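A.B. asks: Dropping the sequence and predicted coords here.
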Amino acid sequence: MNKQELIKALAAHAEVTKAQAENLVTGLVKLAHQSLQIGEEFAIPDLGKFTVQERAARKGRNPATGESITIPAKTVVKFRLAKQAKDSIL
């Protein structure tokens, strides 16, 4: 489902206009971005939660040359599916 399909489905389900549904989707995404930028988790009840984690630097190998390289540390976003969502899928 892409963004436009999500907006259309949300508008139909919530019985609001497409413009109102688009504002809701855009607002939800902005809130998620703001929470993750400051290192907080962002949870959507019954769906899952996004968390920010630090990935440590590590050693790696260039597959083309076989040369040993250092992969730098970085911050990544992870998503964990809620139990209710898992149960509804399986």
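C.D. replies: Cool, the structure landed.
A.B. asks: For the residue in the chain sticking out farthest from the centre, which three-state class applies?
C.D. replies: Seen from the C-alpha centroid of the chain, the residue lying at the greatest distance (C-alpha atoms, centre = their mean) is residue 65, 34.4 Å away. Using DSSP: H, G, I helix; E, B strand; the rest coil, the structure places residue 65 in coil.
A.B. asks: Look at it and report its pLDDT.
C.D. replies: Looking at residue 65, its pLDDT stands at 93.
A.B. asks: cool, and the one 3 residues further on?
C.D. replies: In the predicted model, residue 68 carries a pLDDT score of 95.
A.B. asks: And for it, nearest residue in space, chain neighbours not counted?
C.D. replies: Once flanking residues are discounted, residue 68 sits nearest to residue 61: 5.8 Å by C-beta to C-beta, 6 or more residues apart in numbering. C-betas here are computed from N, CA, C, even on glycine.
A.B. asks: Return the set of buried residues in the helix or strand containing residue 34.
C.D. replies: Assigned by DSSP states H and E, residue 34 belongs to helix 18-37. Residues of helix 18-37 classed as buried: 21, 22, 24, 35, 36 (neighbour count, 16 or more other C-beta atoms under 10 Å).
A.B. asks: who's in contact with residue 21?
C.D. replies: Going by C-beta atoms under 8 Å, 6 or more residues apart in numbering, residue 21 touches 7, 8, 10, 11, 14.
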